[in-house]
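1. structure, please.
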Amino acid sequence: METVRLTTAEALARYLTKQFIEVDGEEVPLFGCAFAIFGHGNVTCLGQQLYEHQSDIPTWRGQNEQSMALAAIAYARANKRQRVGIATSSVGPGAANMITAAGVAHTNRLPLLMLAGDTFQSRLPDPVLQQTEHFNNPTITVNDAFKAVTRYWDRITKPSQLVASLPQAIATLLDPADCGPVMLALPQDTQGEVWDFPTVFFAKKVHRIRRPQPEHCDIERAVAWLKEAKKPLIIAGGGVFYSHAEQELEDFINRHQIPLVETIAGRSVLRSSHPLNCGPIGTTGSDSANHLAAEADVVLAVGTRLQDFTTGSWTVFQNPSLKIISINTCRFDAVKHQALPIVADARDAIKALHSSLEQWSAEESWLAISVRERESWKEQVNTRTAPVISAFPSYAQIVGQVNQLADKRDRIITAAGGLPAELNMNWQASDSGQLDIEFGFSCMGYEIAAGWGAKMAMPDNDPIVLVGDGSYLMMNSDIYSSVLTGHKMIVIVCDNGGFAVINKLQNNTGNTSFNNLLKDCASLSEGDLPRVDFVSHAKSLGANAEKIASLAEFSAAFYRAKASNKTYVIVTDIDPTVWSSTETWWEVGLPEHTDDKTRGDIIENWESGRKHQRPGV
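-> Purely as a prediction, here's the structure:
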């Protein structure tokens, strides 16, 4: 067998550059970008190899390992899981910084390849800089902490292990059922060790994402349930995007006239103008979708794991005769809550149902109800987003302004805090796939990093990042990254003076405002409450920036941001008391007893919402 003598780092980099995937009939590199902060554990060997393969996998310098990995996740999400980003770190704190990002990828079923330096396998220099020593187990390092938030984890202790490990890592990144983050720990001495690798290992490989086919018996049973249904409802999740099933789903509802609602991850699967799009479902959704869910007797859930914000902690489904059909490539998700599982690719399962249902369609009386609910949702959105000039705009008004002014292919990004709910409730999609709302892991700090990664995936369009003052303060350094690397985005900072949405939850559950709004935090400062000058801060990171004094100034500022040749930050104060809302319940952990009568009454009223909670059997 022909071989080539390479170090571990050389072999790893060479193998990654030989992985391709077919996208829209074109073969493109599977790994479209890499992010690196070099230090002990990844600079001497792996860093040099990334330099030598810059033309194959461009490597960008980040400012924080967590945000680099978040950018890689947003890159993968914008590419509908067909292309993957890499994040590499040094040993110790650099690696530990990526754990939160790994949680985002794991929760959202998104591919991410993490390459982290590790301590020496020889142990001769122990204890080394940045090593966490475990007295009873010397094999444990910081990288072992990733095992809870990865789909595939390995420590490469010998070069030859790459031959077995790398194909498994790639398979995990591309598996429609097990897709998620991969962590490879790379000890510093192992990276430089050599082995005679088979040359065939480095042959070009063109991948495709498998499409598991539905079982005929499952399709037959699902068809029987749908034909018996009086009030069928479709819930579209993020898996519709990853299957590229948007058109097939639209064709399906057009033929069979079944109302559709969207999860947070599935938002903008269908244009909001479509007469059967009845809005977002769940706690941060619309009354229209939740009213339909309450009456539905058969729910066809497509590509969703039915998270608690989607199901109102399993209270939105109130029909005692409810049956759930779940189409999902992941068996774990498909079988939840006694659903009829169709463990299959969404696009091909929808096609099979479409064909088998022939000319059947839902009853006109049910469609009439859905039309009324949809019109009610539209009226609510118009009222919330109307540009009424007041002292401070609401989140919904800012969402409405962006909705009117953004190009239809711009990527609208937010995460955590109050903005995910406001965007989810009020956005009116003019095209499919407009939104990236990170609400699976609800990770503060995702937003700006995601804008950087999304621009790499969609260079011809602007990422428009909606971020609160709290998330901005948590992670903002990729404003500088975007200026440094030339990846322009528009960042809209909505400043409501703290963690206002959690203050709302605090108050709504009978608790006293404490440690959320800046005015309620312990402080030794005297006089006026210190506030961050976000405009000066953004300018110091190299961006263009301005603050608007009222909603009337927003459109002009937005056009200036659009015309800018680099990242542009618009800052606006936001009313911390005005929120969009639904009637839907959500479960939070409340005390079973309190001596405070007022608080006790609030808790009792909150707990009364549990009466509709559906057991998981």
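2. quickly list the domain ranges of the protein.
-> Split into domains by automatic domain parsing, the chain comes to 3-207, 216-378, 386-573.
3. out of those, the one nearest Glu587 is which?
-> Closest to Glu587 of those is domain 216-378 (CB to CB; 3.8 Å). From N, CA and C alone the C-beta is placed, and that goes for glycine too.
4. now do the closest one: distance to the chain's middle.
-> Counting by CA atoms, centre = their mean, to the nearest Å, domain 216-378 is centred 21 Å from the centre of its parent chain.
5. checking Ser580 next. Helix, strand or coil?
-> Taking DSSP: H, G, I helix; E, B strand; the rest coil as the rule, one finds Ser580 in the coil state.
6. hang on, it packs against Arg384?
-> Yes: using CB atoms under 8 Å, Ser580 is in contact with Arg384, at 5.3 Å.
7. give me the pLDDT for the residue positioned nearest the centre of the chain.
-> The residue lying closest to the centre of the chain (CA atoms, centre = their mean) is Glu438, at 3.5 Å. You'll see Glu438 listed with a pLDDT of 97.
8. which ones are touching the residue nearest to Ile264 when sequence neighbours are not counted?
-> Excluding its sequence neighbours, the residue lying closest to Ile264 (CB to CB, 6 or more residues apart in numbering) is Phe439, at 4.8 Å. Residues near Phe439 by CB atoms under 8 Å, 6 or more residues apart in numbering: 264-265, 284, 309, 415-416, 420, 424.
9. just give me the closest of those to Lys455.
-> Comparing the contacts of Phe439 against Lys455 with CB to CB places Ala415 closest, at 16.4 Å.
10. so the closest one bridges to which residues?
-> Glu438 (DSSP bridges).
11. which residues does it contact?
-> Contacts of Ala415 (CB under 8 Å, 6+ apart): 437-439, 442-447, 450, 471.
12. please tell me how far it sits from Arg374.
-> Computed as CB to CB, to the nearest Å, the Ala415 to Arg374 distance reads 27 Å.
13. look up how far Arg81 lies from the residue nearest to Ile264.
-> Applying CB to CB to Phe439 and Arg81 gives a distance of 18 Å.
14. try Ile602
-> Distance of Ile602 to Arg81, computed by CB to CB: 43 Å.
15. more neighbours, the two?
-> Neighbours per residue (other CB atoms under 10 Å) separate Ile602 from Arg81, with Arg81 holding more: 22 against 18.
16. so who does the more buried one touch?
-> So Arg81 contacts 110-111, 174, 179, 209, 242 (CB under 8 Å, 6+ apart).
17. what is the nearest of those to Cys33?
-> The closest of the contacts of Arg81, once distances to Cys33 are taken by CB to CB, is Pro111, at 12.6 Å.
18. my guess is that closest one contacts Asp178. True?
-> No: between Pro111 and Asp178 there is no contact under CB under 8 Å: 10.3 Å.
19. so what sits against both of these two?
-> Thr172.
20. which one's more surrounded, these two?
-> Set side by side, Pro111 and Asp178 show more neighbours around Pro111, with 28 against 16, by other CB under 10 Å.
21. for the closest residue in space to the more buried one that isn't next to it in sequence, helix, strand, or coil?
-> Of all residues not flanking Pro111 in the chain, Leu173 sits nearest, at 4.0 Å (CB to CB, 6+ apart). For Leu173, the assignment made with three-state DSSP gives helix.
22. next one: Leu173 relative to Leu184, how far apart?
-> Counting by CB to CB - Leu173 and Leu184 are separated by 12 Å.
23. same deal with Asn79?
-> In terms of CB to CB, Asn79 sits 21 Å off from Leu184.
24. have a look at the two and say which one is more surrounded.
-> A direct count of neighbours by other CB under 10 Å for Asn79 and Leu184 places Leu184 higher, at 24 against 21.
25. picking that back up, need the max-distance pair from the contacts of Arg81.
-> Farthest-apart pair in the contacts of Arg81 is Leu110 and Ile209; separation 13.2 Å (CB to CB).
26. those two: which has the busier surroundings?
-> Leu110 (25 against 19).
27. residues contacting the more buried one?
-> Here Leu110 is in contact with 73, 76-77, 81, 104, 179-181 (CB under 8 Å, 6+ apart).
28. would you confirm that it belongs to a strand?
-> No: using three-state DSSP, the secondary structure at Leu110 is coil, not a strand.
29. how much space between it and Ala101?
-> Noted for Leu110: a distance of 10 Å to Ala101, by CB to CB.
30. what touches both of those two?
-> Joint contacts of Leu110 and Ala101 (CB under 8 Å, 6+ apart) are Ile73.
31. so where's the stretch 501-617 of the chain shaky on pLDDT?
-> Where the stretch 501-617 of the chain drops to pLDDT under 70, the residues are 617.
32. what's the neighbour count on the nearest residue to Asp154 once chain neighbours are set aside?
-> Spatial nearest neighbour of Asp154, excluding adjacent residues (CB to CB, 6+ apart): Ser165 at 4.8 Å. For Ser165, the count of nearby residues is 17 (other CB under 10 Å).
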